[in-house]
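Participant: Have a look; sequence and predicted model below, questions after that.
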Amino acid sequence: MAGPLEGVRIVEMGQLIAIPSAMKWMADMGAQVIRLESVQRLESYRTDSLYHNDVDGEFWNRGANFYEQNRNKLGLTLDLSRDEGREVLRDLIAVADVFAENFTPRVVRNFGLEYEDLRKIRPDIIMVSSTGYGFEGPWANFGATGPATEGAAGLAYITGYRDGGPVMSEIPFTDYTAGEHTVAAVMLALMHRLNTGQGQFIDVSQTQTCSATIPEALLDWTVNGRMPERVGNEDPAMSPHGCYPCAGDDRWIAIAVDSDDAWLGLCRVMGRADWAADERYADVLSRIRYRTELDKMLGFETRNHDNHELMAQLQAGGVAAGAVADSEDLLFNEHLKERRFYEIVEHDDATGMPPLPYAGRPWKLSDTPSVPPKPAPIMGQHNRDILAGLLGRADGDIAALEEAQVIGFAPLSPRGVRRPSLDEQVRQGRMQRYETDYAERVAKWFGINR
Amino acid sequence: MNNGALAGVKVVDLTHHIAGPYGTKLLADFGADVLKIERPGGDPGRRLPPFYHDQPDAEKSLPFLYLNTNKRSITLNLKSETGRSILMDLLSDADAVVENFAPRVMPSLGLDADTLRKHNPKLVVASVSNFGQTGPWRDFRATEIVEYALGGLMYIFGAYDREPLKHALHQAQFKAGTNLASATLMALYHQRLTGQGQRVDVSIQESIASALRDVTNNYTYTGAVRRRQPNHTGDLTRLRAVSDGYVLPNPGMGATLDWKVMVDFLEAPELDDERFDNASARLENAEALGDILDQIFATKQKQEIFYAAHQKRFIYGVIDSPEETVDNPQIQARGYYVPVEHPDLGEITFPGAPFLMSGSPWAVTDAAPRLGEHTGAVLGDMGYSAQELTWLRASEVI
């Protein structure tokens, strides 16, 4: 058996990450996910971050983020602003187990797609709405992105260097937090339906999922009345603990000394018997007291080392350490390779793209692992399969829908985003560097025949 | 116990610290019967700060109290033969066992997955570990910051010209815990349909590495290696300082943005310029744009511009402190923070349901257990007499 979710059909009206990433993982695990989009409104993940930065031709079938978020799904274009489009959707709901969406409640209501509407069509439907702040409440219709909810939840405020303001990562981090919780939520609803035969409505607030993961700071406020300070990479119970410079351009290593043994191991590997002998650093309390001084001393030593070699030596010496992995380190990674973390996806011939590796899932199930990876759909790829094959629509019906542009195979007003040249991106600081032989290196490392 | 989605699902929980307990909390708060098995000294998570009224005590760690709601606790020394035999008895009619020891530990106790599955074929044996149960880094040591480094999130996190940064607290652990819950639920779903258990292997490193946008893909698509960006890039969605805090000024999505509306909203005629009026041009003239935006935003006020932006359906965000987020009108209206009555500490206000389920709601009915609070009751139910319990205590099995 390929995946535990075989036989589960999901209709996804998703955009960007929060719902698409969650439904991708469910598709990986065997669910049939039918993803809706439209030729009228082009999702930004189809217009940006394009293969070879090439905005010519059918660029909308070459977006990195679109492929990253929509693996193993079927694609149907549908204009939901029109009756004919909504009729197709209602027919799909009638044969679906789950309807998943992440638009604002205003859009959902305009389309007549609230849970109460859907259960009239399919009484045991599970509907999941993923929003920035929740489906109900005074902010319900406020659109949101990951960074906005990272801010609203309290996570951004508490993160940052000791002497500076709040800092965020360069990805929409909480979109994934919401997506991960959404997978759990839909699985809970599927379990409940097995027990009771009942569907239900799930209201995922991205802000709430994020706040659920920072109880230390929130409880310190609600119970002790204490506001947190930003402490950079410091840990209240470990020292040294931080990110230290290594040899090369923008190379770093993270080190966490979590015991006296680890401290002695660190001193040994760095060749500093004098540190080990120094009574000022003998126990964790004193090392925390001298944190600033220790960080400076350690950074002065690490800068002479290659970060990967030093990681190997420190790990062998019993010290928790990790080279700060850039894109190449992460991709060309012997550990992840042996665990087959990346999956090779073959793209449709029409895209002109070679097979490429994509990040898989954070779990492995021994007996029902996952389905063989298929690429995200090119626009309208499965229109016919779904309309004729699943819904039994006649050829004439389908032709009429196409004629009326309710369905289609290309965006009506395509506008791709051309990024600056790679040299310019490096000059602006958006990119650290670029390689010209990357395609060969990727193909070689992953054993891809091009 | 509540009537959540997992009513009737029995989980034996060997986890400690954060990642494992968060995963089993998600199961327990939705109705699973979670029996927490602690070493006689207790889950090390009982030592996680901050503490209730700053009183360091194994029963007063606030993160522990949060992570272990709705669970029962027994102590059991798995290094003793009798302890292991009691565990095997508990596993006989369990649906899942969850653990987050270093991968070498369970096999070294004779509790490898194959043995457990043979003992009870319907058992889901779920593990979460730093690097997974296989691979050359399996036994590497790691803490939160090491996971951020090796998972690929740290390199793109922080200021352009400074050391990479991690989020505050323990995001990697919580992500892995959430994934542990999802993967365990998938295996339980399969078990309900087929009667068969299986092995679940969740990796914390992969929990970070599978939730990055456009990082390795930027390389495989163009050969470029991303980094921490300087603040002067023209990215319209970057965090900006306003006069009384910080906002996320997101005016809408890339190619479809109507620039004129944005210029009017910011009352910034200097932005009405062909260098900025489309997405590609903004990328070319990023630095100039970034400088102008910094100056404009410094004159704005947080709440005022946030609400004004949403009148225009721009998707602005605010940066709220813990105090502000607890008082936030939306979060208040949804009743997110909930009082939980603790028998010794009284009422504590906790973050509540991460998501709302209409048919099988989240509920905390029981505060986190005291260490070994249910040892007598659980072993009594298994048929151990009072005398035998005394012997087990005396010989440090429980």
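Facilitator: Done, it's in.
Participant: quick one: what helix or strand has the residue most central in space within chain B in it?
Facilitator: The centre of chain B sits closest to B:Phe174, judged by Cα atoms, centre = their mean, with a distance of 2.0 Å. Using DSSP states H and E, the element containing B:Phe174 is helix B:171-194.
Participant: now check that helix, is it near chain A?
Facilitator: Yes - using Cβ under 8 Å from any Cβ of the partner chain, we find that helix B:171-194 touches chain A at B:171, B:174-176, B:178-183, B:185-190, B:192-193. Placement of C-beta: from N, CA and C, glycine included.
Participant: Pull out the buried residues from the residues you listed.
Facilitator: The neighbour count (16 or more other Cβ atoms under 10 Å in any protein chain shown) marks B:171, B:174-176, B:178-183, B:185-190 as buried among the residues of helix B:171-194 next to chain A.
Participant: Tell me which residue of the stretch 1-150 of chain A lies closest to chain B.
Facilitator: With Cβ to the nearest Cβ, the shortest gap between the stretch 1-150 of chain A and chain B falls at A:Ala148, namely 2.4 Å.
Participant: How about that residue: what's its closest non-neighbour residue?
Facilitator: Distance criterion Cβ to Cβ, 6 or more residues apart in numbering or on different chains; nearest residue to A:Ala148, sequence neighbours excluded, is B:Gly317 at 2.4 Å.
Participant: Near that neighbour, how many other residues are there?
Facilitator: Using other Cβ atoms under 10 Å in any protein chain shown, the number of residues around B:Gly317 comes to 29.
Participant: Off-centre distance for the helix holding B:Phe174?
Facilitator: 13 Å (Cα atoms, centre = their mean, to the nearest Å).
Participant: what's the next secondary structure element after that helix?
Facilitator: strand B:199-203.
Participant: so what's A:Arg106 up against?
Facilitator: By Cβ atoms under 8 Å, 6 or more residues apart in numbering or on different chains, A:Arg106 lies in contact with A:Asn141.
Participant: actually A:Glu216, not the one I typed
Facilitator: With contacts defined as Cβ under 8 Å, 6+ apart, A:Glu216 is in contact with B:Leu48, B:Pro49, B:Pro50, B:Leu62, B:Pro63, B:Leu169, B:His170.
Participant: And the pLDDT at it?
Facilitator: Predicted confidence (pLDDT) for A:Glu216: 98.
Participant: Could you give the backbone dihedrals for it?
Facilitator: With angles defined as degrees, to the nearest 10, A:Glu216 sits at phi -60, psi -50.
Participant: before we move on, what about the one 5 residues further on?
Facilitator: Note on A:Trp221: its backbone torsions stand at phi -80, psi -50 [degrees, to the nearest 10].
Participant: What's the local residue count around it?
Facilitator: 20.
Participant: tell me the domain ranges of the chain?
Facilitator: Using chain A. Listed by automatic domain parsing, the domain ranges of chain A are A:9-212+A:340-419, A:241-326.
Participant: I was after chain B.
Facilitator: According to automatic domain parsing, the domains of chain B span B:10-211+B:334-394, B:240-318.
Participant: which of those sits most buried?
Facilitator: Neighbour counts (mean count of other Cβ atoms under 10 Å in any protein chain shown) averaged over each of the domains of chain B peak at domain B:10-211+B:334-394, with a mean of 21.
Participant: So, low pLDDT: which residues of the stretch 151-300 of chain A?
Facilitator: By pLDDT under 70, the stretch 151-300 of chain A contains no weakly predicted segment.
Participant: Which residue does it have closest to chain B?
Facilitator: Closest point on the stretch 151-300 of chain A to chain B, by Cβ to the nearest Cβ, is A:Gln200, at 3.1 Å.
Participant: what's near enough to touch the closest residue to that residue other than its chain neighbours?
Facilitator: Using Cβ to Cβ, 6+ apart and skipping the chain neighbours, the partner closest in space to A:Gln200 is B:Gly359 (3.1 Å). By Cβ under 8 Å, 6+ apart, the contact list for B:Gly359 reads A:Ala189, A:His192, A:Thr196, A:Gln198, A:Gly199, A:Gln200, A:Phe201, B:Ala5.
Participant: show me what contacts A:Ala156?
Facilitator: Contact analysis of A:Ala156 by Cβ under 8 Å, 6+ apart lists A:Pro147, A:Glu150, A:Pro166, A:Val167, A:Met168, B:Leu239, B:Tyr246, B:Ile319.
Participant: try B:Trp362
Facilitator: Going by Cβ under 8 Å, 6+ apart, B:Trp362 touches B:Gly4, B:Asp29, B:Phe30, B:Gly352, B:Ala353, B:Pro354, B:Phe355, B:Leu356.
Participant: wait, which of those residues is closest to B:Ala149?
Facilitator: B:Ala149 has its nearest neighbour among the contacts of B:Trp362 in B:Pro354, at 27.0 Å by Cβ to Cβ.
Participant: Might you report the residue contacts of that closest one?
Facilitator: For B:Pro354, the contact set (Cβ under 8 Å, 6+ apart) comprises A:His181, A:Val204, A:Ser205, A:Gln208, A:Thr209, A:Ala212, B:Leu26, B:Trp362.
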